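Peer 1: Here you go, sequence then predicted model.
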Amino acid sequence: MAALGELLWDVLPEGQQLGGAPANLAAMSAALSVPTEDQVFLVSCVGRDKLGKQACEDLATHHVRLDYIASDPEHPTGRVTVALSAEAGPSYIIHEGVAWDYITESPALQALAPTLDAVCFGTLAQRSAVTRTTLRRLVEASKPDCLRVFDVNLREPYWTPEALLWGCTQATILKMNHEEVPHVALAVGAPAQEEKPLQVARFLLRRYPIQLVAITRGGHGSLLVTRDGIHDHPGIPAKVVDTIGAGDAFTAALTHYALRHSSLAVLAEAANRWGSWVATQRGGMPHVDADTRNTVTAAIEAARHA
């Protein structure tokens, strides 16, 4: 599978940590692939600077393939200044004119597209014309049975209704948080009276090729909706350290188990378990040790047999 978009450094009060939603997702996907060793690629771009070199070295420790991370001689590696609030969650200043805004097309990327069993993409990476074009052509070149995961990630002012609409026309799975629901509803022309999350999910399933809509609710779990079923998960209690990357872990687990044709109950349990675990860790890309993997997997297996 491949995740497309930003690789950057989150600049936190206590220091810098590697991040970016697609990179976080790729790292968790690679952790979940143990012991099968499924290949996980990140398609991104870093600067030819110290931060770019360090980003690739750190990402490699998560067993993410670096084959499609380009090096830009003109633009610096991306950075995001993060402020944390116990009440409001993290807030972000996303620096512009950085390398991941300039992910360019290549014959190698076009050759990669039809080999993928899953491709994950979002909205933030589409803020620049260069990366937007590359991302869309790669998604559109993936094979018909490729799992296309559209992870809505609205960061003002870096999204447009058009980007949301395009994502809906391409997605197999659409994932968003509860605060993003009304923006998606407006972008796709859902009737004004259909404003509740379940109503919006059903509208999307009727109108677009989407097969699963996943709506996260922070510590209150998630709502998964398909044409044939609904699963409302209450969430997993956790002692939250920070919420950076929790949604990305949710999406990674959702994708991992969807590729294995798991039930809605298992999808919800896996996504909530891993999202909750990341919220107990510092930063968006914590390493997953064997004990953690075994403990969480056992809980997910219990849901499978419940």
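Peer 2: Yep, it's here. Residues are numbered from 1 along each chain as shown.
Peer 1: how about the helices in the stretch 1-150 of the chain?
Peer 2: Along the stretch 1-150 of the chain, the segments classed as helices by DSSP state H, counting those that start in this stretch run 21-32, 50-60, 107-112, 129-141.
Peer 1: Let me know which of those helices is the nearest to Glu96.
Peer 2: When those are ranked by distance to Glu96, counting by Cβ to Cβ, first place goes to helix 129-141 at 12.2 Å. Just so you know, the C-beta spots here come from the backbone N, C-alpha and C atoms, and that holds for glycine as well.
Peer 1: Return the residues in contact with Leu165.
Peer 2: Residues near Leu165 by Cβ atoms under 8 Å, 6 or more residues apart in numbering: 187-188.
Peer 1: how distant is the stretch of helix or strand it belongs to from the center of its chain?
Peer 2: With the criterion set as DSSP states H and E, the secondary-structure element containing Leu165 is helix 161-170. The gap between the average C-alpha position of helix 161-170 and the chain average comes to 16 Å, counting by Cα atoms, centre = their mean, to the nearest Å.
Peer 1: in it, what counts as buried?
Peer 2: When neighbours are counted by 16 or more other Cβ atoms under 10 Å, the buried residues of helix 161-170 are found to be 163-164, 166-168, 170.
Peer 1: That helix: what's the following helix or strand?
Peer 2: Going down the chain from helix 161-170, the next helix or strand is strand 173-177, by DSSP H and E.
Peer 1: what lines up beside that following strand in the sheet?
Peer 2: Using DSSP bridges, the strands paired with strand 173-177 are strand 147-151 (parallel), strand 212-216 (parallel).
Peer 1: Show me the beta-bridge partners of Ala83.
Peer 2: Beta-bridge partners recorded for Ala83 (DSSP bridges): Ser91.
Peer 1: I figured it hits Ser91, correct?
Peer 2: Yes - under the criterion of Cβ atoms under 8 Å, Ala83 lies in contact with Ser91, with a separation of 4.8 Å.
Peer 1: Next, count neighbours for Cys295.
Peer 2: Quick fix: residue 295 reads Thr, not Cys. By the measure other Cβ atoms under 10 Å, the count of residues near Thr295 is 13.
Peer 1: where's it relative to Glu162, distance?
Peer 2: Relative to Glu162, Thr295 is positioned 43 Å away (Cβ to Cβ, to the nearest Å).
Peer 1: so who does the closest residue to Ala279 other than its chain neighbours touch?
Peer 2: Closest residue to Ala279 apart from its sequence neighbours, by Cβ to Cβ, 6 or more residues apart in numbering: Ala246 at 4.3 Å. Under the criterion of Cβ under 8 Å, 6+ apart, the contact list for Ala246 reads 275-276, 278-279, 284.
Peer 1: Can you tell me what sits against the worst-scoring helix or strand of the chain on mean pLDDT?
Peer 2: Counting by mean pLDDT, DSSP states H and E, the weakest-scoring helix or strand in the chain turns out to be strand 91-94, with a mean of 84. Strand 91-94 is contacted from outside by 78, 80-83, 85, 124, 155, 158, using Cβ under 8 Å, 6+ apart.
Peer 1: Relative to Pro22, which of the residues you listed is nearest.
Peer 2: For those, the closest approach to Pro22 (Cβ to Cβ) belongs to Leu124, at 8.9 Å.
Peer 1: neighbours around that closest one, how many?
Peer 2: In terms of burial, Leu124 registers 23 neighbours under the definition other Cβ under 10 Å.
Peer 1: All set now, cheers.
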